[in-house]
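Visitor: mind looking at a prediction? Sequence and model below.
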Amino acid sequence: MIHDEIGKCRKCGASFWRSADEQWKRLCLDCWKASKGSATRHDTRSCTECYQRGLAAGRASAPIGQPVPALDTTRLRELLQLAHPDKHNGSPLAVRVTQWLNEQRRSAQ
């Protein structure tokens, strides 16, 4: 089995992932793209900033405080039929999901 490892870019010093059999990779992806003439933004801080902005925007647009719509009895019955452990050789996942669906059905009544 070939394991991943962290390489160090010989141009900018940034760390990057490569497979153990990819010792020939000496540049991070951004430096490699730049060497091929591709425009790129290399500053890792800008990546973190973009992520933080996206996370904040997602949180701001999330429907906080709104109730989650309940599953109707017909849909619960259909889901129980699909997830029942008898249909999945007693799978532990099927047991947990069926138990949860039964709880939902009891609270809906």
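Guide: It's in. On a predicted model such as this, the values are computed, not experimentally measured, just so you know.

Visitor: quick one: least confident helix or strand in the protein?
Guide: Lowest on mean pLDDT, DSSP states H and E among the helices and strands of the chain sits helix 44-61, with a mean of 75.

Visitor: buried stuff in that one?
Guide: When burial is assessed from 16 or more other Cβ atoms under 10 Å, helix 44-61 yields no buried residues. C-beta coordinates here come from the backbone N, C-alpha and C atoms, glycine included.

Visitor: that one: what's the following helix or strand?
Guide: helix 73-83 (DSSP states H and E).

Visitor: what about the protein, any weak spots by pLDDT?
Guide: For the chain, residues meeting the criterion pLDDT under 70 lie at 1-3, 38-47, 66, 68-69, 109.

Visitor: can I see the domain layout of it?
Guide: What automatic domain parsing lists as the domains of the chain is 4-58, 73-108.

Visitor: mind putting the ones you listed into JSON lines with distance to residue 65?
Guide: Below are the domains of the chain laid out as JSON lines (distance: least, Cβ to Cβ, whole Å):
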{"stretch": "domain 4-58", "distance to residue 65": "16"}
{"stretch": "domain 73-108", "distance to residue 65": "20"}
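
Visitor: which of those domains sits closest to residue 64?
Guide: domain 4-58 (11.6 Å; Cβ to Cβ).

Visitor: how long is that closest one end to end?
Guide: 32 Å (Cα to Cα, to the nearest Å).

Visitor: in the host helix or strand of residue 96, what's buried?
Guide: Assessed by DSSP H and E, residue 96 sits inside helix 92-108. By 16+ other Cβ under 10 Å, the buried positions in helix 92-108 come out as 94, 97-98, 101, 104.

Visitor: so it versus helix 73-83, what angle?
Guide: Angle of helix 92-108 versus helix 73-83, following axes from the mean of the first three to the mean of the last three Cα atoms, to 10 degrees, is 160 degrees.
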